[in-house]
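Colleague: What shape does this take:
(one chain, ligands or ions: 1)
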Amino acid sequence: MFSSTKRHGLLRVVAVLTALVMMFAASAYTAVPQQVSAKSEEQQLKDELADLKDKQKKLQKEQQQLKDDLADEKDKQASYEKQIDNVKEQIEIYQDQIDTVNQAIKETDQKISDKEDEIDQTNKDIKEKEAEIEENDELFKDRLDTMYIANSSNSVLAMLLGAESFSDFLSATETVKTISESDQQLLAELDQQHKDLEQLKKKLEDDKQDLEEAKQEKEDQKAELVDVKAGYEDKQDELADLYEKSGIKIDEITDRQSEVSEEMRENDALIEETQADIKKLQDAAAEAEKEWEESHGGGGSNSGGGNSDSGGASDVKPSASGYLWPLNGGHVTCAYGGYVGHRGVDLSTGVVGTSIFASRTGKVVDVQYWDGHTKTGMQSYGNMVRIYHPETGTYTRYAHCNSIAVREGQWVNQGQVIAYMGNTGNSFGAHLHFELSTGASNSTRINPLPYIT
Ligand SMILES: [Zn+2]
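Modeller: The predicted model follows:
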């Protein structure tokens with residue numbers, strides 16, 4: 001909605017402008033732009049130089065910034081390096097502790113293994129003892145059996161009854177008793193040894209249990225150490241990453257530094273070149289002015305200033321004020337102020353290609369196709385020449401030319417052909433729009449007619 005309204009507004013403005021152009025067209029007059037930017041070559045170079053110097057300043061500033069950035073980044077990197085060293089030291093300390101604990105665990109494992117061997121040995125001893133007990137038990141029983149089974153043949157009884165005396169009888173009884181007691185004593189001893197072995201085994205198993213517990217404690221301690229060490233390793237990775245990134249940034253900064261240095265060198269060369277060009281231009285201008293002063297000495301203008309080698313010069317004599325009617329013949333088709341804004345005079349022979357002469361000796365300061373209409377919305381001069389006249393400090397302008405015969409910076413003599421009459425720009429019919437200004441600014445334009453007639 002908004003943009004469409006805006007577009008309608010714009011169309012209205014264009015329509016009004018078109019109507020204005022048509023009005024001027026109807027009278028076949030040219031309108032005059034409010035402002036003409038006719039930059040001399042020297043001014044253009046000076047502007048370029050200012051831009052180059054600006055750019056150089058910016059590059060210098062960037063260079064300083066890069067230097068600061070590089071110093072900061074190098075500080076950062078050094079700090080990361082230091083932190084990495086610290087973390088590495090911590091990792092080593094923890095690794096040493098882990099190694100120590102590992103060694104302790106290994107030793108404990110060895111002790112447990114020794115203890116297990118002892119337990120195995122004791123188990124073997126117990127089994128042997130049990131076998132011994134069993135065996136002696138059997139022997140004892142056998143002996144008793146033999147004694148009592150012998151009853152059938154009355155061996156013991158016979159031995160007892162066979163005693164020839166009571167004392168023999170007692171002695172025989174004692175013998176039987178002694179045999180039995182010694183067997184019993186042996187059995188009791190074996191039993192005690194068996195008990196001792198069992199006790200030893202119990203002690204060994206207790207010892208082994210203690211060792212297993214000690215080992216578990218060390219394993220826990222090791223797990224804790226491994227955990228802390230892993231934390232430091234993560235930190236080390238993190239720092240290594242930061243260090244690497246910092247390195248990349250340093251590379252980028254130094255790359256940009258050499259780029260900027262190269263740009264500054266190139267820019268410096270351009271500055272020197274431009275300065276030399278300006279100097280050359282100024283020297284040439286000074287030389288030309290000197291020459292001109294030498295050939296036009298005394299301040300007065302030379303009458304009939306036709307230049308024979310200019311390929312067609314004016315036969316017309318300059319006016320008393322020293323300005324030349326810029327055409328061979330022709331007449332005024334629109335006076336100065338002939339319509340609002342017409343700040344020049346229109347002269348015409350009615351023939352395209354009629355020679356246009358420099359009204360006065362001077363320096364060509366502007367040659368261009370001045371398309372005012374498309375550039376600023378103002379009327380267009382078309383092909384135009386502007387000449388500076390140092391003798392009087394004035395300027396003359398020649399507009400709507402068909403073609404131009406001089407170039408900017410060139411010195412021209414009064415009456416020298418500078419262009420050919422045409423119908424370019426905002427012109428309707430072949431004519432020369434001629435202006436005279438007392439200074440460089442368009443606001444100093446005056447009616448030229450009294451000066452050229
Ligand atoms: Zn005009």
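Colleague: show me where the stretch 1-150 of the chain has helices.
Modeller: 2-26, 41-149 (DSSP state H, counting those that start in this stretch).
Colleague: For the shortest one, the averaged confidence score.
Modeller: If I follow you right, that is helix 2-26. If you average the pLDDT over helix 2-26, you get 49.
Colleague: Stretch 391-403 now?
Modeller: Rounded mean pLDDT across stretch 391-403 is 92.
Colleague: Please point out which parts of it sit buried.
Modeller: By neighbour count on 16 or more other Cβ atoms under 10 Å, the buried set for stretch 391-403 is 391, 392, 394, 395, 396, 397, 398, 399, 400, 401, 402. Placement of C-beta: from N, CA and C, glycine included.
Colleague: next helix or strand past the helix or strand hosting residue 174?
Modeller: Here residue 174 is covered by helix 166-295, with elements defined by DSSP states H and E. Next in sequence after helix 166-295, counting helices and strands by DSSP H and E, comes strand 331-334.
Colleague: just checking, what packs against that following strand?
Modeller: Counting contacts by 3 or more Cβ pairs under 8 Å, 6 or more residues apart in numbering; DSSP states H and E, strand 331-334 is packed against strand 345-348.
Colleague: Which secondary structure state is assigned to residue 340?
Modeller: Counting by DSSP: H, G, I helix; E, B strand; the rest coil, the backbone at residue 340 sits in coil.
Colleague: Repeat that for residue 407.
Modeller: coil.
Colleague: what about the closest residue to it other than its chain neighbours, distance to the ion?
Modeller: Once flanking residues are discounted, residue 407 sits nearest to residue 367: 6.1 Å by Cβ to Cβ, 6 or more residues apart in numbering. Residue 367 is 19 Å from the ion, where distance means Cβ to the ion, to the nearest Å.
Colleague: Hmm, residue 367 is touching residue 409, no?
Modeller: No. Using Cβ atoms under 8 Å as the test, residue 367 is too far from residue 409 to be in contact (9.2 Å).
Colleague: For these two, indicate the residue with more neighbours.
Modeller: residue 367 (22 against 16; other Cβ atoms under 10 Å).
Colleague: you'd agree the more buried one is in a helix?
Modeller: No. Residue 367 is assigned strand when assessed by three-state DSSP, not a helix.
Colleague: The residue in the chain positioned nearest to the ion - how many residues pack around it?
Modeller: Here the chain gets closest to the ion at one residue, residue 433, 3.4 Å apart by Cβ to the ion. Neighbourhood size, residue 433 [other Cβ under 10 Å]: 29.
Colleague: Apart from its neighbours in sequence, what residue is nearest it?
Modeller: Residue 433 sits nearest to residue 399 (Cβ to Cβ, 6+ apart), 4.0 Å away.
Colleague: how close does the one you found get to residue 440?
Modeller: To residue 440, residue 399 is 17 Å away according to Cβ to Cβ, to the nearest Å.
Colleague: okay, the helices of the stretch 1-150 of the chain, which one's buried deepest?
Modeller: helix 41-149 (a mean of 14; mean count of other Cβ atoms under 10 Å).
Colleague: Can you report how many residues neighbour residue 346?
Modeller: Residue 346: 24 neighbours (other Cβ under 10 Å).
Colleague: mind listing what the residue nearest to residue 407 touches?
Modeller: 384, 385, 386, 404, 406, 407, 408 (Cβ atoms under 8 Å, 6 or more residues apart in numbering).
Colleague: now with 10 Å?
Modeller: 38, 383-387, 401, 404-410, 418-419 (Cβ atoms under 10 Å, 6 or more residues apart in numbering).
Colleague: just residue 177 next, same as before
Modeller: Residue 177 neighbours (Cβ under 10 Å, 6+ apart): none.
Colleague: Is the closest residue in space to residue 355 that isn't next to it in sequence bridged to anything, and to what?
Modeller: Distances taken as Cβ to Cβ, 6+ apart place residue 417 nearest to residue 355, at 4.7 Å, with adjacent residues excluded. For residue 417, the beta-bridge partners are residue 357 (DSSP bridges).
Colleague: Quantify the burial of residue 417 by counting its neighbouring residues.
Modeller: 18.
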